[in-house]
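return atomic coordinates for the entry below.
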Amino acid sequence: VLATSLEFFALSRIAFTDMLLVLWFTICLGALSRAIRTPERGVGWFALACTAAALAVLTKGAIGVLLPGAVALAQLLSLGRLRAALRPAWLLLALAIVPELGFSWYLLLGFTQPGGFGFMRDLFLEHHVGRFAAPMQGHSGSPLFYVPVLAIGMLPWSPFIPLAIARAELRGAGERAELLRCFALFSGLVFVFFSVAATKLPNYLAP
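Numbers count the residues shown, from 1 in each chain. Below is the predicted model of the structure:
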C-alpha cells in the first residue's frame, strides 16, 4: 500500500532526505514499542531505538529525537509505566547514544571547518525554530494544508483510510494493538505538528 501511494512513490524518486527520515522513524518506533512492552529485557530494543533516533537527527535535525521522544512519553503515560522508563541505566544509554551519534557530524563540521558552528546555528535556529514560527521562502498555508496533501498523497488508497482506522482495533490488548497505537499516535503527532508550523511543504508529511 505504502509503496504504491502517490506521494511516497514520488518522494522515493527525488533526492530529499525525507525517505531516509521515514526509515529511521519506523525502526525507532518499532524498537520503542518492543522496549516499552518488555522493559525488563528491553534494553537492547531501547538501544536500537536510540540509535535510529540519532540517525534521524543526523538526517534532518532535532525532530529526529523530539517527535519519537514525545510519542514514547505519551505511550508510557497511557500505560502507567513512565517511572520504569526513567531508570538510570536507560537514561545513561540514551545520553550516550543520541547526542554522541546524532550530533557527531555537526560537531565534526564545527571543529574542522571555518564557520562550521554557524551551520549548526542556521540549522537549529533558522531552519527549526524559524520555519516553525514564520513562513519561510513563501511556503505558508492554512492549518488544513495537509488534509488535501494526505488525501492526494495516499491515492489510490486514501478512500480506505477511515475504514482502516475503524478496523485497526487500537483499543485492544497485546503487542499488535500497542504497536498500532504507537504508530497511530506518531502519525497524528506529525500531522498536528506540521499543521501548526508556519512553514508548510508537502514532503513534511511523509513520516
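
how far off centre is the top helix by length along the chain?
If you go by DSSP state H, the chain has its longest helix at helix 175-196. Centroid separation between helix 175-196 and its chain, computed with CA atoms, centre = their mean, to the nearest Å, is 9 Å.

show me what counts as buried in that helix.
With burial defined by 16 or more other CB atoms under 10 Å, the residues of helix 175-196 counted as buried are 178-183, 185-186, 189-191, 193-195. All C-beta spots, glycine's among them, are computed from the backbone N, C-alpha and C.

distance to residue 79 and pLDDT added to those, as JSON lines?
Shown next, in JSON lines, are the buried residues of helix 175-196 (distance: CB to CB, whole Å; pLDDT from 0 to 100):
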{"residue": "178", "distance to residue 79": "8", "pLDDT": "83"}
{"residue": "179", "distance to residue 79": "13", "pLDDT": "85"}
{"residue": "180", "distance to residue 79": "14", "pLDDT": "86"}
{"residue": "181", "distance to residue 79": "10", "pLDDT": "86"}
{"residue": "182", "distance to residue 79": "11", "pLDDT": "86"}
{"residue": "183", "distance to residue 79": "15", "pLDDT": "88"}
{"residue": "185", "distance to residue 79": "12", "pLDDT": "90"}
{"residue": "186", "distance to residue 79": "16", "pLDDT": "92"}
{"residue": "189", "distance to residue 79": "17", "pLDDT": "92"}
{"residue": "190", "distance to residue 79": "21", "pLDDT": "92"}
{"residue": "191", "distance to residue 79": "23", "pLDDT": "93"}
{"residue": "193", "distance to residue 79": "22", "pLDDT": "90"}
{"residue": "194", "distance to residue 79": "26", "pLDDT": "90"}
{"residue": "195", "distance to residue 79": "27", "pLDDT": "93"}
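
export those residues as JSON lines, with columns for distance to residue 152.
Formatted as JSON lines, the buried residues of helix 175-196 follow (distance: CB to CB, whole Å):
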{"residue": "178", "distance to residue 152": "31"}
{"residue": "179", "distance to residue 152": "27"}
{"residue": "180", "distance to residue 152": "24"}
{"residue": "181", "distance to residue 152": "27"}
{"residue": "182", "distance to residue 152": "26"}
{"residue": "183", "distance to residue 152": "22"}
{"residue": "185", "distance to residue 152": "24"}
{"residue": "186", "distance to residue 152": "21"}
{"residue": "189", "distance to residue 152": "21"}
{"residue": "190", "distance to residue 152": "17"}
{"residue": "191", "distance to residue 152": "15"}
{"residue": "193", "distance to residue 152": "20"}
{"residue": "194", "distance to residue 152": "16"}
{"residue": "195", "distance to residue 152": "16"}
